[in-house]
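Peer 1: Pasted the sequence and its predicted model underneath.
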Amino acid sequence: MKTFLEQHGNNLGRLDVQRKNGHEAFHADGQDLGFSLLQFWQWSTSDLVSDITRGRLAEYIVAHALGVNTEGVRDDWAAFDLTTPSGIKIEVKSAAFVQSWRQTHLSSITFHVPRTRAWDPDTNLREEDVRRQAGVYVFALLFHTHKPTVDPLNIAQWRFYVVSTQVLNDRTRSQHSITLRSLEKLCSYVEYAALSAAVEAAAADR
């Protein structure tokens, strides 16, 4: 006897996600319900300071600085975040001193940099090796500390620290995370305009 999937010919391979424009309407089998995908985006991701949204925003900013094509769709399941036009694999980590919630003090800055087992969404399998997947890490810090004027869309409020994976691997301290103080001992920050050159330099030093 055929299974339900065999009877209905359901293809459970990786989904081909198409880029949306925001004008797509919510509907009931074609009947427009009067609200759109853009409205959902506005409702769900307008808080650019929140951890999850800020992390994705940081990736997008770094992508533009490095000339990475952003015309497609972000891959949530990729082993690393970005690939530069020259083929450098990039992992982006973000942090901020101010948060959306009420604070009694500015946040301490720590970036998580654990080794991982890469997962392949095409096969649904993980690699055996536990390692850092990218060749270069970009630590994006929203360093603005005046909460009423924090604006993640203002590139001048960001600082970027660029470190090769080899440098992280060679550290004798924690291999799971790195504080801002420790990071500043490894490199100086760069601003948006200098980010691409810093990434190329870090990749060349591996």
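Peer 2: Nice, thanks for sending it over. Numbering: from 1, shown residues only.

Peer 1: Residue ranges in the chain under the pLDDT threshold?
Peer 2: Residues of the chain meeting the criterion pLDDT under 70: 1-10, 119, 206.

Peer 1: what number of residues lie near the nearest residue to residue 49 once chain neighbours are set aside?
Peer 2: Distance criterion C-beta to C-beta, 6 or more residues apart in numbering; nearest residue to residue 49, sequence neighbours excluded, is residue 100 at 4.9 Å. In this view, the C-beta of every residue, glycine as well, is placed from N, C-alpha and C. When neighbours are counted by other C-beta atoms under 10 Å, residue 100 registers 15.

Peer 1: I figured residue 100 was touching residue 46, is that so?
Peer 2: No. Taking contacts as C-beta atoms under 8 Å, residue 100 lies outside contact range of residue 46: 10.7 Å.

Peer 1: Could you list every helix and strand in contact with the top helix by length along the chain?
Peer 2: Determined from DSSP state H, the single longest helix within the chain is helix 51-66. Contacts defined by 3 or more C-beta pairs under 8 Å, 6 or more residues apart in numbering; DSSP states H and E place helix 51-66 against strand 82-83, strand 89-96, strand 136-142, strand 158-164, helix 195-204.

Peer 1: list the buried ones in the last one?
Peer 2: Yep, that's helix 195-204 we're talking about. Neighbour-count burial for helix 195-204 flags 195-196, 198-200, 202-203 (criterion: 16 or more other C-beta atoms under 10 Å).
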